[in-house]
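Trainee: Structure of the sequence below:
(2 chains)
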Amino acid sequence: MVFKMARGPADPEVKAKVLEYLAKVQKAKSRDVAVAIGATKSDVDNAVKELTAEDLVEYLYITTTFICLKGKVQTPD
Amino acid sequence: MTEKKTPLLDELETGKWPSFVTEIKRAAVKSEAAGELLQVLERSYAERRGHWKHGGIVGVRGYGGGVIGRYVDEPQTYPHVAEFHTIRLLQPSGWFYNTKTLRTVCDIWEKHGSGLTNMHGSTGDIILLGCKTDQIQPIFDEFSEAGFDLGGSGSCLRTPNCCVGPGRCEHACYDTLEACYNVTNEFMDELHRPMWPYKSKIKFSGCANDCTSSIARSDCSVIGTWRDTLRIDQDAVKEYVANKFDIQEMVCDKCPTKCLSFNAETQELSVVGEDCTRCMHCINMMPKAIRAGKEKGATILIGGKSTIVQSAFMSWVIVPFMKMETEDDFEPFKDLMRRIWEWWDEHGKSRERIGETIYRLGMTKFLQGIEVEPVPQMVFRPRANPYVFWNQDDLDRSGTALDGSKL
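Mentor: Numbering: from 1, shown residues only, chains lettered A, B, ... in the order given. Model prediction:
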C-alpha cells in the first residue's frame, strides 16, 4: 500500500462532481464526498485544495472540519 | 476607555510570579479589545462560566487551518471583542529567533490585532490572540511577506513541534530541529487543508526525557534513543564518588530495571545493556560519567491524546528503533505516517483520534493496515504483556493451535 495525497493538477471532472455534490448538501466531510461521487479520497482532497484556492469552496469548523460551498453556510450563532 | 474594576483578576497579580493579567492590562493601554477582554474574563470568574464561542468560517483563501474563530456571546456588551479570532503561525524549530524577527511579529500584530501573544501555544506555534474577521487576510499577507506561514488548526496535521535538541542539549539522540523542519515542509498540504476525521499531532523529542511531552500530547511521538549500550566513563564515576555523590542510592537503586550495579570497592559502575530501558535516569543524575550509546535514532510511538471520545492515552511503541541521521532516514518515517493517516482516514469516526480508532478496532487490525510486523516492544502499558495476538490466518498456516493441539 502506497499512499500519497494526489499531487499536481486536480481532475476537472472530480472538481465538477465535488461542486455538484456540495450544492446538494449543507456541509460534508471530504471522505463522504469521495464515497458519494465514487472518487478516491486523495483525488477529492486534491480537488478541494484547488476549489478553495479558487474561492468556490471553504472550510467550516464545527467540532470537526467540514467543507461547503463558499457562502452557503454562515457561522452559527 | 473608562477603567473598570477587576478585583478577581487583580488577585492574580499578587505573588512573586509574572502575571498574564498584568500583561493584558499593559496591552489595554493601547488596545480597547484587550481592555474588554479583561472585563469578559472578570465576569467569567465571577459567574464561573465562559463567554466564548469558537469555530465557524474564518480563514484565508486556500487555507483551512491556522485561524480559529472566536466570538463573545454578548457582542452588544463587548463590541471590541465581538470577533476575537486567534491566529497560529508556524514557529521556527526550537523557537530560535533574533530580536528583529520578534519585533516584526509584534509590529504586524499590534497594527492589525490586539497585541496579545502567547509564546508559545501547547502545539508549539506562535499564538496571536484577538483580531477581527476583516483583518485576517491583511495579517496573513503581511506575515507571508515577512517569511511566516500559518500553523495548523481543525481536522488536520497540527503544527509539528520539537525540543531544542542538539541546538542546546547534549542528550539529543537525533537532530530534532532538522527532523521537525523537514517533516513540516513535507506535509504542508496535510497541515493547511483539513481532510481527516480529527486533529493529528507529531512531536519530536531528542531523548526519553521527552521535553515536548510527546508521549502524552501527540498522536505520533518521535523519541530519541540508542540501540547499543550506555557509555560509562569510569574516571568520571570516581570523581562523583570523590564529591560524596551516593551512586548506589541515587542511581542504581532508582534504576527501573536494576540494570546498573556499582562496586564500592573498585568505584566502578557497570551496566547490563540488554536490561536497560533507556529511561535517561542515570544519565540525568551523572551526565559527566554516563552517556547514551553510539548507535542513535528514535522510537516511534502512536496514539497519545487528551480526553475526547475516550479517556487520555499515552502513546504505544510501533517502531522500537528508526535511524534519524540523514535526510534519507526521514523518508521511512514519512512513508509510515502516510500509511497511518490513510488507515485512520478510512476507519476513523468523526472526532476520533488515531489512538481511539486503534483502541476501538484493535492494534492487530491497525498493524495489518499499516503493514508493520508486531514486535515485543508493543506493550499496552509499562510492564504489561504484549497484546498483539495471532490471527486466524496465522494459526491456520501453522497447523497448531495456541494450546499445542493440532488444528
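Trainee: Those residues of the stretch 301-407 of chain B touching chain A, which are they?
Mentor: Within the stretch 301-407 of chain B, the residues that sit near chain A (CB under 8 Å from any CB of the partner chain) are B:335, B:338-339, B:341-342, B:345-346, B:350-351, B:371. Using the backbone N, CA and C atoms, a C-beta is placed for each residue, glycine as well.
Trainee: Let's have those residues in a markdown table, adding distance to A:Leu60, neighbour count and secondary structure.
Mentor: Output for those, formatted as a markdown table (distance: CB to CB, whole Å; neighbours: other CB atoms under 10 Å in any protein chain shown; DSSP: H, G, I helix; E, B strand; the rest coil):
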| residue | distance to A:Leu60 | neighbour count | secondary structure |
| --- | --- | --- | --- |
| B:Asp335 | 31 | 14 | helix |
| B:Arg338 | 26 | 19 | helix |
| B:Arg339 | 29 | 17 | helix |
| B:Trp341 | 21 | 23 | helix |
| B:Glu342 | 24 | 19 | helix |
| B:Asp345 | 19 | 22 | helix |
| B:Glu346 | 22 | 13 | helix |
| B:Ser350 | 13 | 16 | coil |
| B:Arg351 | 15 | 14 | coil |
| B:Glu371 | 34 | 10 | coil |
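Trainee: now the residues you listed as a markdown table including pLDDT?
Mentor: Output for those, formatted as a markdown table (pLDDT from 0 to 100):
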| residue | pLDDT |
| --- | --- |
| B:Asp335 | 97 |
| B:Arg338 | 96 |
| B:Arg339 | 96 |
| B:Trp341 | 97 |
| B:Glu342 | 94 |
| B:Asp345 | 94 |
| B:Glu346 | 93 |
| B:Ser350 | 90 |
| B:Arg351 | 91 |
| B:Glu371 | 94 |
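Trainee: all helices of chain A, in order?
Mentor: Using DSSP state H, the helices found in chain A span residues A:12-24, A:30-37, A:41-53.
Trainee: which stretches of chain A aren't confidently modelled?
Mentor: Low-confidence segments of chain A (pLDDT under 70): A:1-7, A:75-77.
Trainee: Near B:Ala208, how many other residues are there?
Mentor: B:Ala208 has 20 neighbours, counted by other CB atoms under 10 Å in any protein chain shown.
Trainee: On the three-state scheme, it is what?
Mentor: coil (DSSP: H, G, I helix; E, B strand; the rest coil).
Trainee: right, and it touches B:Val222 too?
Mentor: No - assessed by CB atoms under 8 Å, B:Ala208 is found out of contact with B:Val222, at 11.9 Å.
Trainee: Can you give me the domain assignment for chain B?
Mentor: Following the TED database, chain B resolves into domains at B:7-146, B:157-226+B:296-393, B:231-291.
Trainee: now, of those, which is deepest in the fold?
Mentor: Mean neighbours per residue, mean count of other CB atoms under 10 Å in any protein chain shown, is largest over these for domain B:157-226+B:296-393, with a mean of 20.
Trainee: which stretches of the stretch 51-200 of chain B form helices?
Mentor: In the stretch 51-200 of chain B, the segments counted as helices under DSSP state H, counting those that start in this stretch are B:99-112, B:136-145, B:176-186, B:188-192.
Trainee: And B:Val319, how far from chain A?
Mentor: As judged by CB to the nearest CB, to the nearest Å, B:Val319 and chain A stand 17 Å apart.
Trainee: ignore the last one, B:Gln377
Mentor: Counting by CB to the nearest CB - B:Gln377 and chain A are separated by 23 Å.
Trainee: B:Ile302 too?
Mentor: Applying CB to the nearest CB, the value for B:Ile302 to chain A is 16 Å.
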